[in-house]
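Engineer: Curious how this folds, go ahead:
(chains A, B and C)
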Amino acid sequence: MKTNLGRFFEDYTLGQTIHHAVPRTLAEGERALYHALYPARHALYSSDDFATHCGLEGSPLDDLIAFHTVFGKTVPDISLNAVANLGYADGRWLAPVYPGDTLRSQSTVIGLKQNSNGQSGVVYVRTTGINQRDEAVLDYVRWVMVRKLRDTPAPETHIPDLPDVVTPNRLVIPEGLDFTQYDFTLAGEPHRWSDYTINEQIDHIDGVTISEAEHMLATRLWQNTAKVHFDATNRDDGRRLIYGGHIISLARALSFNGLANAQMIVALNAGAHANPCFAGDTVRAWSQVLDRADTDAPGVGAIRLRLVAVKHGAKPFALRADDGKYDPSVLLDLDYWALIPK
Amino acid sequence: MKTNLGRFFEDYTLGQTIHHAVPRTLAEGERALYHALYPARHALYSSDDFATHCGLEGSPLDDLIAFHTVFGKTVPDISLNAVANLGYADGRWLAPVYPGDTLRSQSTVIGLKQNSNGQSGVVYVRTTGINQRDEAVLDYVRWVMVRKLRDTPAPETHIPDLPDVVTPNRLVIPEGLDFTQYDFTLAGEPHRWSDYTINEQIDHIDGVTISEAEHMLATRLWQNTAKVHFDATNRDDGRRLIYGGHIISLARALSFNGLANAQMIVALNAGAHANPCFAGDTVRAWSQVLDRADTDAPGVGAIRLRLVAVKHGAKPFALRADDGKYDPSVLLDLDYWALIPK
Amino acid sequence: MKTNLGRFFEDYTLGQTIHHAVPRTLAEGERALYHALYPARHALYSSDDFATHCGLEGSPLDDLIAFHTVFGKTVPDISLNAVANLGYADGRWLAPVYPGDTLRSQSTVIGLKQNSNGQSGVVYVRTTGINQRDEAVLDYVRWVMVRKLRDTPAPETHIPDLPDVVTPNRLVIPEGLDFTQYDFTLAGEPHRWSDYTINEQIDHIDGVTISEAEHMLATRLWQNTAKVHFDATNRDDGRRLIYGGHIISLARALSFNGLANAQMIVALNAGAHANPCFAGDTVRAWSQVLDRADTDAPGVGAIRLRLVAVKHGAKPFALRADDGKYDPSVLLDLDYWALIPK
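Structural biologist: Okay, the predicted model is just below:
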């Protein structure tokens, strides 16, 4: 049999490293498509001129382009038979990705826990994205529930010790980044680091109705091969489940309105795809300031944000019901650090 | 409040200059998407080789890519609360935009007129697109009807004096442009400047049925944030109003068939979005030669064209009814100057 | 009349050469769009790094990008009035196309046969794609049935002598290609030339449901102007016929799963668009190994493959009924040579 049916729970062993296939050179085409697929307007990722005035060598590709590309490569090895994408932790962007860079991914199994029903188990992997100079550009943990195929003995349970949040001292600031000459007019909003208060909530107002073609173009662009996103025969109703990362990018782009200066994503503390999303849904977003931290880079502060994507019709700042479960209108609950001018 | 709700009529003052946010570096990706979104075939914008044989340094990005990019940046400041986009005048392309160029926009308020109902008013702005070398690449006037939010006194009425047409002596010919070695075979049609007669009408034959995904990809690509184009919850029928500029690009691309040699757009004399367009509509186009003029550049003539976009089913060369109103099948009535080999 | 209505059968003469219009510079944008439109994952076309390790100067554009671009240019001259695209033969890729290359096309009429009804005829053309250095990059024969407009005498029948298959000695191996250092892990599968046996069949498993927007974006990207793909008013049911080349690219991309190392397409032996395809159809693919051949290039073998695209619901390895006719579920039957590491 020459085709890949994906790995099952019993195919993973603790400490195993998987080198994912199909390295990818990213360039101006991926940047243009990102702008066509999402209402992305953060100036640092839109203008070479703006980025060089911030001390970078040019405009990097959106941090989420790096994330989706690295993630996409793991799909055939990690999540082809996944029942659910359960969570993210300890994610850090380690170096900007520029047009012309080539990324590949590798993952190490850092935790395993078979479910009591013996039908599936949770696999924890730390995935690293690596560029053509063998530099790590991104590193994160995710855990997924994977089906079991064969009746094998359960592996020893090992649940990794994961931080709830990336502590500010571990944030990696891109070399040369300097916000002392930052142009707030060109960036689109006057609000700086000190203007945001902890617990402040921001409604990003705008909404985008998702079409079937758009989410498939996006997901395919990252060479993500999960069938559920592309094959209408997978469900009785013919709908294709939208890749959770599509909602991350959409919500992050919508958050420009109110967070135009939260330019660079440097850490992913946690994330949950709370409910599935389908074509025809109109997505809105709100944010909450969770924390602020100083950095050593000139003029650069860090802001920890909760980014929540909801479906149209959600109550203002909808998140969880009294029982602690996500409100049915919530699509995404993401916790990240961004860099913002002081 | 950190989010931008847009400006209202009372927020504009005569002479005020607005520096629009989010500069944008345009490159080969935007060119490729333009070819995917529109049936664009003008050789000068398709082939570096063809363009260098015409004396340029390479193939510029389509003149309408420059227009949409510059226009898109103005939306959050000018037309977020616009009731209607009323007109264009005195538009001139001042320098080609090449892959790698970064554009920003600024607008000056050159006219104001509050409507008699006190609920809205007309704002006239002159918008300039500027590249990374601080050179103006495009300059045009547009006027929009904007809602009033507060009960403020009406400003003094000032209606700018605008030319009906850009006179040929004001057309800016790109430096080095030379059509004496023009290859009509590679360009696709034999018709030159002298083959077109004033008042001649050309039916461009082909039609394109618009899909929801395509017009959203296009509009988003120009970082145009007007909600009506993206958010299906804005209208009871769930349809999204298609960005008028999408119809301009579509009609211009369709006009290749009959006007393949009308290569470069150098002036926008006037324009009206006569009726709204929605996904599912099939768009066709026709042109009329309004004028011809000579230029100083070798082998280069100028042709003034009316470009009309209509919905499928329109009568041949449909434009206006007897009462002077646009026929309901007419989507766009655009008056422009193009450069064409003599 | 300035518009092009296309040529009719009586407009072709044996030996006639047609220089097709609109040269096209292809770059990173077209590559990115290819990845958004098709689940393309062959490593040689995804990563500059991988390609240079295989002895090339960088990652070429997908061989089918070259094919579609060269083919698209022929449409206004060859198939605007075609009733059917009947076949392909003797196609060879002669040099890789890299970002920045400019392609144009020319076709020579090598055969003519008027149908007995006098209403149409078959036109055989040999089409060559040529780059900016006047090097041929692709060469193939196709024949189409074209309508007759005028009651002219039938031309003398001439049916060209075409090979059933490109013999291995005629395959052109890209200069410098060397698979001796080939990285099977990065490529995604361990299967090499010697692992495939003649007549072996491979089910590529995955399916993609086509949306109207995606096939129009793809077809337009190649400047293919055939009305039937874009204009919903052409058919009573409002559906747009999907460009046959879209199915070729889709099936080839799906064939990664099982044929990840069949990297470069070097010959098109034959091809039939067996049945029409429309938006909403879910496309699957299977392959059969037809032959294997050695090459002079280090580590490089050649594999001859039948690639069959079918609609969801097709029987396993569906191809023809007992009467020799294609099964109604079959969309494409393509016979090609690819290069694969030994």
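
Engineer: how about the helices of the stretch 51-200 of chain A, start to end?
Structural biologist: For the stretch 51-200 of chain A, the helices defined by DSSP state H, counting those that start in this stretch cover A:63-74, A:184-187.

Engineer: List the buried residues of the last one.
Structural biologist: The reference is to helix A:184-187. By neighbour count with 16 or more other CB atoms under 10 Å in any protein chain shown, helix A:184-187 contains the buried residues A:L186, A:A187. For the C-beta atoms, the positions are set from N, CA and C on the backbone; glycine is no exception.

Engineer: Any residue of that helix touching chain B?
Structural biologist: Yes. Using CB under 8 Å from any CB of the partner chain, helix A:184-187 reaches chain B at A:T185, A:L186, A:A187.

Engineer: Determine the set of other helices and strands touching the helix or strand just after that helix.
Structural biologist: Per DSSP states H and E, helix A:184-187 leads on to strand A:201-203 as the next helix or strand towards the C-terminus. Where contact means 3 or more CB pairs under 8 Å, 6 or more residues apart in numbering or on different chains; DSSP states H and E, strand A:201-203 is packed against helix A:256-259, strand A:282-294.

Engineer: what's the first one packed up against?
Structural biologist: In terms of contact count using 3+ CB pairs under 8 Å, 6+ apart, helix A:256-259 is assigned the packing partners strand A:201-203.

Engineer: ok, the strand it packs on: who's next to it in the sheet?
Structural biologist: When pairs are called by DSSP bridges, strand A:201-203 turns out to pair with strand A:282-294 (antiparallel).

Engineer: pLDDT on the partner strand, on average?
Structural biologist: Average pLDDT, strand A:282-294: 98.

Engineer: Just the buried positions in that strand, please.
Structural biologist: Neighbour counts over strand A:282-294 (16+ other CB under 10 Å) mark A:T282, A:V283, A:R284, A:A285, A:W286, A:S287, A:Q288, A:V289, A:L290, A:R292 as buried.

Engineer: Next up, the contacts around the first one.
Structural biologist: It stands for A:T282. A:T282 sits next to A:G207, A:V208, A:T209, A:I210, A:K311, A:H312, B:D231, B:A232, B:T233 when contact means CB atoms under 8 Å, 6 or more residues apart in numbering or on different chains.

Engineer: same deal with the second one?
Structural biologist: Residues in contact with A:V283 (CB under 8 Å, 6+ apart) are A:207-210, A:247, A:250-251, A:254, A:277, A:309-312, A:331.

Engineer: where's the closest residue to A:V208 other than its chain neighbours relative to A:V97, distance?
Structural biologist: Of all residues not flanking A:V208 in the chain, B:F230 sits nearest, at 4.9 Å (CB to CB, 6 or more residues apart in numbering or on different chains). Applying CB to CB, to the nearest Å, the value for B:F230 to A:V97 is 27 Å.

Engineer: before we move on, what about A:A262?
Structural biologist: A:A262 sits at a distance of 19 Å from A:V97 (criterion: CB to CB).

Engineer: Show me which of these two is the more surrounded one.
Structural biologist: For the pair A:A262 and A:V97, the greater number of neighbours falls to A:A262 (28 against 24), based on other CB atoms under 10 Å in any protein chain shown.

Engineer: Skip the chain neighbours and tell me the closest residue to A:H191.
Structural biologist: Closest residue in space to A:H191, ignoring its immediate chain neighbours: B:K2 at 5.4 Å, by CB to CB, 6+ apart.

Engineer: helix or strand for that neighbour, which one?
Structural biologist: Secondary structure from DSSP H and E places B:K2 outside every helix and strand.

Engineer: Isn't it up against A:P190?
Structural biologist: No. B:K2 lies out of contact with A:P190 (CB atoms under 8 Å); the separation is 9.3 Å.

Engineer: and the closest residue in space to A:L64 that isn't next to it in sequence, what does it touch?
Structural biologist: Computed as CB to CB, 6+ apart, the closest residue to A:L64 that is not its neighbour in sequence is A:S249, at 4.9 Å. By CB under 8 Å, 6+ apart, the contact set of A:S249 is A:Y34, A:L37, A:Y38, A:A40, A:D62, A:L64, A:H68, A:A218.

Engineer: Show me what the closest residue to A:Y88 other than its chain neighbours bridges to in the sheet.
Structural biologist: In space, and not counting its chain neighbours, A:Y88 is closest to A:G271: 4.1 Å by CB to CB, 6+ apart. Listed beta-bridge partners, A:G271: A:Y88, A:L334 (assigned using DSSP bridges).

Engineer: how much space between A:G271 and chain B?
Structural biologist: A:G271 sits 23 Å away from chain B, going by CB to the nearest CB, to the nearest Å.

Engineer: Could I get the contacting residues of that residue?
Structural biologist: Residues in contact with A:G271 (CB under 8 Å, 6+ apart) are A:G87, A:Y88, A:I248, A:L332, A:D333, A:L334, A:D335.

Engineer: any idea which element the residue in chain A positioned nearest to chain C lies in?
Structural biologist: Proximity of chain A to chain C (CB to the nearest CB) peaks at A:G29, 2.6 Å away. Following DSSP H and E, one finds A:G29 within helix A:28-37.

Engineer: pLDDT value on the residue nearest to A:L64, please?
Structural biologist: A:S249 carries a pLDDT value of 98.
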